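Asks: Turn this into a structure:
(2 chains)
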2 protein chains.
Amino acid sequence: LATVRAEALQALASEAFVACGVPGADAQVAARVLVLADLFGVHTHGVGRIESYCERIEGGGINARPAIRVEHVAPAIVRVDGNDALGPLVGMRALNEAMALARQSGVGIALTHRSNHFGAVGPYNFLAAEAGFASVICSNSTTTIAPTGGREARVGNSPIGFGVPHPGGRPIILDMAVSVVARAKIRDALQRGDASPPTWATDANGEPTTDPRQALDGFLQPIGGYKGYGLALFVDLFAGLLSGAAYLTHVQSWQDAPAQPQNLGHFFLLFDVHRLGPASWLEERIDDFCSIVRSTPRADPERAILLPGELEMEQYDRQIRDGIALEDAVLAKLEALAAQSTSSRRG
Amino acid sequence: LATVRAEALQALASEAFVACGVPGADAQVAARVLVLADLFGVHTHGVGRIESYCERIEGGGINARPAIRVEHVAPAIVRVDGNDALGPLVGMRALNEAMALARQSGVGIALTHRSNHFGAVGPYNFLAAEAGFASVICSNSTTTIAPTGGREARVGNSPIGFGVPHPGGRPIILDMAVSVVARAKIRDALQRGDASPPTWATDANGEPTTDPRQALDGFLQPIGGYKGYGLALFVDLFAGLLSGAAYLTHVQSWQDAPAQPQNLGHFFLLFDVHRLGPASWLEERIDDFCSIVRSTPRADPERAILLPGELEMEQYDRQIRDGIALEDAVLAKLEALAAQSTSSRRG
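Replies: Model (predicted):
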């Protein structure tokens, strides 16, 4: 593992985007979302993604020089047309627009279409919370989940994030996808030669399986069966259908169609907690809330009771202080990308 | 089973509330929420609850003659003080206030405190959708869920409802609690002498169990483990903590403290889909969305792929046409309640 300071990683990630043809200011914004994911320890959605973003720029599926447009459709709702830009760039624009609305009206919604994979959802909830806004943010995604009782993927394993500011402390953030586990956990079980629990995935025929090989050929199961399936549909209704984006099987595959814009949709809802009471009122209540949760008698004395996002917030504080731990290969790739000039890369 | 027409049940339920001291207009409003649940076939949250509501009125935990107050804290946010009224009455007031805000600003939030059990959440999503609003609605509740890794209930098995209007058809509605199953399912397993899946509940020590007896002494498990636990916390943060209501263990138990106001909180978020495009645009997209889901190849050819709330909407149409099927005992109890005069009951 290499250790890189957050500012250095931000600069390097921005350079990599610039080398792919992204204007400098846009590169900074997009890099920020990914570096935040790395700061939280969510490296699956960190700067390691830049390579695939750049491949999509080269393939034509992502527009490196977009004109993002914002349309005010109601006093507290905007629609954001991402013009097929980098997802994190569109996401940050939507976040800022929703903040502006929420400052004015108390609440703001930004419905976003013509976007792409926007990274993890937690960084947006975090930035909203640090600015004083509670938030619900979600994005649709390529289909990987089969409807309950089905044997074909028709809805995405879409991320939903919730955030609440904590004056005087770190925000509470829940960043989750709707599946019980990520595919990586099934791959781990396969490598170890273990069975996978029947709640993790179905086989290709839609039947729950404990064979990780069959599970990988099948479909991830949503949390709580039809409940998680319903949540996945509502993410797609709010973020995809209502925003004017593609939805369900209309979403273009990131991998299989690199030249096609995905037309992903995002949903940003922010509301201003300062309208509800003074910061001291909120601080006292959230401190109390956290201490009620943390003082729960433990099933295992060695295992602490955690609040959502608590580990990520600890990682954030530690890595801001000590630097970000990154795999050497990720760092090397990023340095190689940044070293390329646009012309040689395009040439 | 008895069959009662919706209008007749509405009248009878209102009379029962009036006999408990609720003013006539308020009784009509509260009855409507419960009759809607019966129309959806959700009888656990229908008129059968009126008896326990009336007991709480007599006990003093519910205020039969409240002065509900609405405070405008931002152009698109109100705070509703339920004054310990019947929950469905407070819920309907919050719903109407959020609608008024959403008509004006596109979005509206009603944060509600000093309320009580407000029935099922689906009826509110349904009424919002029929009026043209997408919605996210939730309420906190008495603690029954243990935090992940804990062995004491610290958060409620709280309901969350999502709704989207469907011009030309019935709305799509997801009304769910955060537990994998309701306790009733575990009781059924016990009666049948079956084991209960380890994902349903933990024993009293917080360890997953397949013994339904131990499960009933323990805690319902939330969907997806820490994910559902996180959702439950966020329902309580939004509906309880931010609204100014009680939260977590501060919520008074419905059963154990009949004389204590619960100080429950609700969260109503509505947004106006008419701002996003013409009804024909939405109708076309939702029709397409539903047909993509329904046409998924089936794991079991006999089992149709359903959309959230589809069975409830079918029940609604059938029972509006043919009358509501109610257990005889529920109907008899309601008739007995309605027949009592306030004075004799109070005397």
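Asks: Contact partners for A:Ile68?
Replies: If you count contacts by C-beta atoms under 8 Å, 6 or more residues apart in numbering or on different chains, A:Ile68 has them with A:Val80, A:Asp81, A:Gly82, A:Asn83, A:Ala85, A:Leu89, A:Val90, A:Arg93. (C-beta placed from N, C-alpha, C; glycine too.)
Asks: Not counting residues beside it along the chain, what's closest to the last one?
Replies: Spatial nearest neighbour of A:Arg93, chain neighbours left out: A:Ile68 (5.3 Å); criterion: C-beta to C-beta, 6 or more residues apart in numbering or on different chains.
Asks: Return the distance of that neighbour relative to A:Gly59.
Replies: 20 Å (C-beta to C-beta, to the nearest Å).
Asks: can you give me the helices in the stretch 1-150 of chain A?
Replies: For the stretch 1-150 of chain A, applying DSSP state H, counting those that start in this stretch gives helices covering A:6-19, A:24-39, A:50-59, A:87-105, A:122-130.
Asks: hey, where'd the helices end up in the stretch 151-300 of chain A?
Replies: A:183-192, A:212-217, A:226-235, A:279-294.
Asks: Name the next helix or strand following the last one along the chain.
Replies: Same thing as helix A:279-294. Once the chain leaves helix A:279-294, the next helix or strand it forms, by DSSP states H and E, is helix A:310-322.
Asks: between that following helix and helix A:122-130, how big is the angle?
Replies: Per axes from the mean of the first three to the mean of the last three C-alpha atoms, to 10 degrees, the angle that helix A:310-322 makes with helix A:122-130 is 80 degrees.
Asks: Helix A:310-322 vs chain B: in contact?
Replies: No - using C-beta under 8 Å from any C-beta of the partner chain, helix A:310-322 stays clear of chain B, with a minimum separation of 10.5 Å.
Asks: Run through the neighbouring helices and strands of that helix.
Replies: The contact analysis (3 or more C-beta pairs under 8 Å, 6 or more residues apart in numbering or on different chains; DSSP states H and E) places helix A:310-322 against helix A:24-39, strand A:172-177.
Asks: Out of these, which is the most enclosed?
Replies: Highest mean neighbour count among those (mean count of other C-beta atoms under 10 Å in any protein chain shown): strand A:172-177, with a mean of 25.
Asks: one step back: can you lay out the helices of the stretch 1-150 of chain A as JSON lines showing distance to A:Gln260?
Replies: Putting the helices of the stretch 1-150 of chain A into JSON lines (distance: least, C-beta to C-beta, whole Å) gives the following:
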{"stretch": "helix A:6-19", "distance to A:Gln260": "21"}
{"stretch": "helix A:24-39", "distance to A:Gln260": "20"}
{"stretch": "helix A:50-59", "distance to A:Gln260": "9"}
{"stretch": "helix A:87-105", "distance to A:Gln260": "14"}
{"stretch": "helix A:122-130", "distance to A:Gln260": "25"}
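Asks: Including mean pLDDT, could these go into TSV?
Replies: As requested, the helices of the stretch 1-150 of chain A are exported to TSV (pLDDT from 0 to 100):
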stretch	mean pLDDT
helix A:6-19	97
helix A:24-39	98
helix A:50-59	95
helix A:87-105	98
helix A:122-130	98
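Asks: right, so of those, which gets closest to A:Ala329?
Replies: Evaluated with C-beta to C-beta, the helices of the stretch 1-150 of chain A place helix A:50-59 nearest to A:Ala329, the distance being 10.6 Å.
Asks: First-to-last residue distance for stretch A:299-310?
Replies: 19 Å (C-alpha to C-alpha, to the nearest Å).
Asks: centre of the chain versus that stretch, how much separation?
Replies: In terms of C-alpha atoms, centre = their mean, to the nearest Å, the centre of stretch A:299-310 is set 24 Å apart from its chain centre.
Asks: One more: stretch A:236-243?
Replies: In terms of C-alpha atoms, centre = their mean, the centre of stretch A:236-243 is found 16 Å from the chain centre.
Asks: Over to stretch A:21-36?
Replies: 15 Å.
Asks: before we move on, what about stretch A:147-166?
Replies: Chain-centre distance of stretch A:147-166: 12 Å, with C-alpha atoms, centre = their mean.
Asks: do stretch A:235-245 as well
Replies: Computed by C-alpha atoms, centre = their mean, the chain-centroid distance of stretch A:235-245 equals 16 Å.
Asks: residues contacting the residue nearest to A:Asn205 when sequence neighbours are not counted?
Replies: Closest residue to A:Asn205 in three dimensions, ignoring its sequence neighbours and counting by C-beta to C-beta, 6+ apart: A:Arg151, at 5.3 Å. A:Arg151 makes contacts with A:Thr202, A:Ala204, A:Asn205, A:Gly206, A:Phe219, B:Thr296, B:Pro297, B:Arg298, B:Ala299, as judged by C-beta under 8 Å, 6+ apart.
Asks: okay if I get the contacts of A:Ile68 as JSON lines plus distance to B:Gly240 and neighbour count?
Replies: Shown next, in JSON lines, are the contacts of A:Ile68 (distance: C-beta to C-beta, whole Å; neighbours: other C-beta atoms under 10 Å in any protein chain shown):
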{"residue": "A:Val80", "distance to B:Gly240": "32", "neighbour count": "28"}
{"residue": "A:Asp81", "distance to B:Gly240": "37", "neighbour count": "20"}
{"residue": "A:Gly82", "distance to B:Gly240": "36", "neighbour count": "32"}
{"residue": "A:Asn83", "distance to B:Gly240": "41", "neighbour count": "17"}
{"residue": "A:Ala85", "distance to B:Gly240": "39", "neighbour count": "26"}
{"residue": "A:Leu89", "distance to B:Gly240": "36", "neighbour count": "31"}
{"residue": "A:Val90", "distance to B:Gly240": "33", "neighbour count": "29"}
{"residue": "A:Arg93", "distance to B:Gly240": "33", "neighbour count": "24"}
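Asks: who are the neighbours in contact with A:Phe267?
Replies: Shown in contact with A:Phe267 (C-beta under 8 Å, 6+ apart): A:109-112, A:136-139, A:235, A:238-239, A:242-243.
Asks: can you dump the C-alpha coordinates of whichever strand or helix holds A:Ala336 into CSV?
Replies: Per DSSP H and E, A:Ala336 falls inside helix A:328-339. Only the C-alpha atoms of helix A:328-339 are listed here, as CSV (Å, rounded to 0.1, in the frame of the first residue of the first chain):
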residue,chain,number,x,y,z
ASP,A,328,0.2,0.7,-5.4
ALA,A,329,-1.3,-0.5,-8.7
VAL,A,330,-4.1,2.1,-8.5
LEU,A,331,-1.6,4.9,-7.8
ALA,A,332,0.7,3.8,-10.6
LYS,A,333,-2.2,3.6,-13.1
LEU,A,334,-3.3,7.1,-12.0
GLU,A,335,0.3,8.5,-12.4
ALA,A,336,0.5,6.9,-15.9
LEU,A,337,-2.8,8.4,-16.9
ALA,A,338,-1.8,11.9,-15.6
ALA,A,339,1.5,11.7,-17.4
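Asks: Check which residues of it are buried.
Replies: Going by neighbour count (16 or more other C-beta atoms under 10 Å in any protein chain shown), the buried part of helix A:328-339 is A:Val330, A:Leu331, A:Lys333, A:Leu334, A:Leu337, A:Ala338.
Asks: these two touch, right, A:Glu71 and A:Ile77?
Replies: No - here A:Glu71 lies out of contact with A:Ile77, judged by C-beta atoms under 8 Å, at a distance of 9.4 Å.
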